[in-house]
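S.K.: Coordinates only, no sequence provided:
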């Protein structure tokens, strides 16, 4: 499995750094190749940067930590390269409100993940993961004892298996909450999210045993 992280802001760098620290090779790409190369240098061993088109072509698993508002354009631009890949979407549909705080903007009942899944080519295998923890928590809570649980949603059996492997490679314990109809439980939404760290979990980190009891 070749893992690519497309987008190397705070979330992307935290995910890529965790994967590399566990000994797994990770490819990095971003609109700004120089920035992706700088992040790869900071991460060090097991991280290598390249142009978006090249990294997509060379990788079979794509982690996509780019803003929700940029995903549809990205998919349209790179649709052919995403066909047949496992695509792990990390987005929450949030934007600054009048007070400068991040707030959900999709109507209640909608999920960012449901929309992203519909934008992908039919042969892509979709999963939602890495969106329930902030970048600081993603970076600092990997490889704890016991491992911190990380919720994910997917329907395709291959996507489920691969996403579990990627989450473990990043130093967390994967907990599958269900398919597309379960995504809203792990996203920041107007209806509230019972399984998001800053929703129903009240900022707490939990282990897999507690996580599975909440599903």
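M.R.: Received it, and whenever you're ready, just let me know what you need. Keep in mind that this is a model prediction, so the values were computed, not measured.

S.K.: For the helix or strand where residue 159 lies, buried residues please.
M.R.: With elements delineated by DSSP states H and E, residue 159 resides in helix 157-169, which encompasses its position. Going by neighbour count (16 or more other C-beta atoms under 10 Å), the buried part of helix 157-169 is 159-160, 162-169. Any C-beta I mention is one placed from the backbone N, CA and C, and that applies to glycine too.

S.K.: Check which element follows it along the chain.
M.R.: Using DSSP H and E, the helix or strand that directly follows helix 157-169 along the chain is strand 173-178.

S.K.: Let me know the angle separating that next one from helix 157-169.
M.R.: With axes from the mean of the first three to the mean of the last three C-alpha atoms, to 10 degrees as the criterion, the two stretches strand 173-178 and helix 157-169 enclose an angle of 150 degrees.

S.K.: tell me what the helix or strand of the chain with the lowest mean pLDDT is packed against?
M.R.: Taking all helices and strands of the chain together, the one with the lowest average confidence (mean pLDDT, DSSP states H and E) is strand 102-104, at a mean of 74. Where contact means 3 or more C-beta pairs under 8 Å, 6 or more residues apart in numbering; DSSP states H and E, strand 102-104 is packed against strand 94-96.

S.K.: Name the surrounding residues that touch the strand it packs on.
M.R.: Contacting residues not belonging to strand 94-96 are listed as 68-69, 102-105, 188 [C-beta atoms under 8 Å, 6 or more residues apart in numbering].

S.K.: Check for me that residue 19 belongs to a strand.
M.R.: No. Residue assignment for residue 19, taken from DSSP: H, G, I helix; E, B strand; the rest coil, gives helix, which places it outside any strand.

S.K.: Enumerate every residue touching it.
M.R.: Under the criterion of C-beta under 8 Å, 6+ apart, the neighbours of residue 19 are 3, 5, 26, 46, 166, 169-170.

S.K.: Which two of these have the greatest separation?
M.R.: Farthest apart among these by C-beta to C-beta are 46 and 166. That separation is 14.0 Å.

S.K.: picking up where we left off before, could you list the paired strands of the least confident helix or strand of the chain along with their orientation?
M.R.: strand 94-96 (antiparallel) (DSSP bridges).

S.K.: Now do the same for residue 111: its pLDDT.
M.R.: The predicted local confidence for residue 111 comes out at a pLDDT of 88.

S.K.: what's the neighbour count on it?
M.R.: Each residue near residue 111 was counted by other C-beta atoms under 10 Å, and the total is 24.

S.K.: Equivalent analysis for residue 143, please.
M.R.: Applying other C-beta under 10 Å, we find 12 residues neighbouring residue 143.

S.K.: which stretches of this structure have low pLDDT?
M.R.: Segments of the chain classed as low confidence (criterion: pLDDT under 70) are not present in this model.

S.K.: run the last query once more with 90
M.R.: When residues are selected by pLDDT under 90, those of the chain lie in 1, 93-111, 188-193, 197-200, 202-203.

S.K.: Now do the residue nearest the centre of it against residue 76, distance only.
M.R.: Most central residue of the chain, judged by C-alpha distance to the mean C-alpha position with C-alpha atoms, centre = their mean, is residue 90 at 2.8 Å. Per C-beta to C-beta, to the nearest Å, residue 90 is found 19 Å from residue 76.

S.K.: what do you get for residue 99?
M.R.: In this structure, residue 99 and residue 76 are separated by 33 Å, where distance is defined by C-beta to C-beta.
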